[in-house]
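**Q** what's the 3D shape of this:
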Amino acid sequence: MRAHEPVLFDEVMAALAPRAGGRYVDGTLGNAGHAAGILERSSPDGRLLGIDLDPHALQLAREALAMYGERAMLVHGSFAHLGDIARECRLTPVDGIILDLGLSSMQLAQAERGFSFQSDGPLDMRFDPSADTTAGDLVNTLPADELADVLYQYGEERMSRRIARAIVNARPLHTTAELADVVARAVRRRGRIHPATRTFMALRIAVNDELEVLRQGLAQAVDVLAPGGRLAVIAFHSLEDHVVKNYLRERASAGVLGLVTRRPLQASEAERASNPRSRSAKLRVVEKLEAQASQAEN
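**A** Next comes the predicted model:
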């Protein structure tokens, strides 16, 4: 039984086609839904390396995957170092990799993590609680022009300068509710999404350096794939999907990868209805070409 039903589960399983004896990596382990599906389908001796920056998520995944014993190797770390970790675990070359990007519903629900304005909590937003920089650090120390750049570049917030000035004038800010209120009063707009949504996304991306981690992780993933091995990436917003699309197409043009999906796969109407988080999900899949296959050895 799967520990959690993640977005585009059936599509990911079809793309990776887990098999007995295969070697797989879930670089964003989270609630272990994809990982459990891979381990089920690669029975009796397929192996999976699960990586996550969040120690709480990692512990829950460890409990959920305990039934698979030594077939599941779980590591606290960043998928920016996916290749290095896989080599250290003697699990290369790899037959399939899944990267399910962004924030999990579990993290959003934890008020103390500070990811959401739906419940009040500290301005944290770190995937790894041991990391140095919090959202509060950025909100309370960056000059207005630098803060506006963060909101515009990572949140695509058109009113970034007005919001940044309002934040600076309201300092110090300590909680998610305080920040959301300042943004809402500065923007004074109504719409389908909360006016602070883009600000919170931008700060989270900046705190965790998500786009640079993604660039590094994609390169490492492609490097350790076996001939015919597949990489599946699920993105949830335009910035990360842009990075994924451009990198995969560049590697395909260089003859390193073959595009399995010319256009991203999206959730069915039924899945979108049952899981609102899936509405923005885009799945891209590539395959490592024989001529450019990595020479990584176990």
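**Q** Quick one: the helices in the stretch 51-200 of the chain, in order.
**A** 55-64, 82-88, 105-109, 135-141, 144-155, 160-170, 176-187, 197-208 (DSSP state H, counting those that start in this stretch).
**Q** so who does G37 touch?
**A** By C-beta atoms under 8 Å, 6 or more residues apart in numbering, the residues touching G37 are 2, 9, 12-13, 18. For every residue, glycine as well, the C-beta is placed using N, CA and C.
**Q** what's the burial count for R87?
**A** 18 (other C-beta atoms under 10 Å).
**Q** Please apply the same query to the one 4 residues further on.
**A** Burial of L91, expressed as a neighbour count using other C-beta under 10 Å, amounts to 20.
**Q** picking that back up, could you single out the most deeply buried of the helices of the stretch 51-200 of the chain?
**A** Scoring these by mean neighbour count under mean count of other C-beta atoms under 10 Å gives helix 197-208 as the most buried, with a mean of 24.
**Q** would you put the C-alpha positions of that helix in PDB?
**A** Only the C-alpha atoms of helix 197-208 are listed here, as PDB (Å, rounded to 0.1, in the frame of the first residue of the first chain):
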ATOM      1  CA  THR A 197       0.700  34.300  -2.500                       C
ATOM      2  CA  ARG A 198       3.400  35.500  -4.800                       C
ATOM      3  CA  THR A 199       5.400  37.200  -2.000                       C
ATOM      4  CA  PHE A 200       5.400  34.000   0.100                       C
ATOM      5  CA  MET A 201       6.400  31.900  -2.900                       C
ATOM      6  CA  ALA A 202       9.300  34.300  -3.800                       C
ATOM      7  CA  LEU A 203      10.600  34.300  -0.200                       C
ATOM      8  CA  ARG A 204      10.500  30.500   0.000                       C
ATOM      9  CA  ILE A 205      12.400  30.100  -3.300                       C
ATOM     10  CA  ALA A 206      15.000  32.600  -2.200                       C
ATOM     11  CA  VAL A 207      15.400  31.100   1.300                       C
ATOM     12  CA  ASN A 208      16.000  27.600  -0.200                       C
END
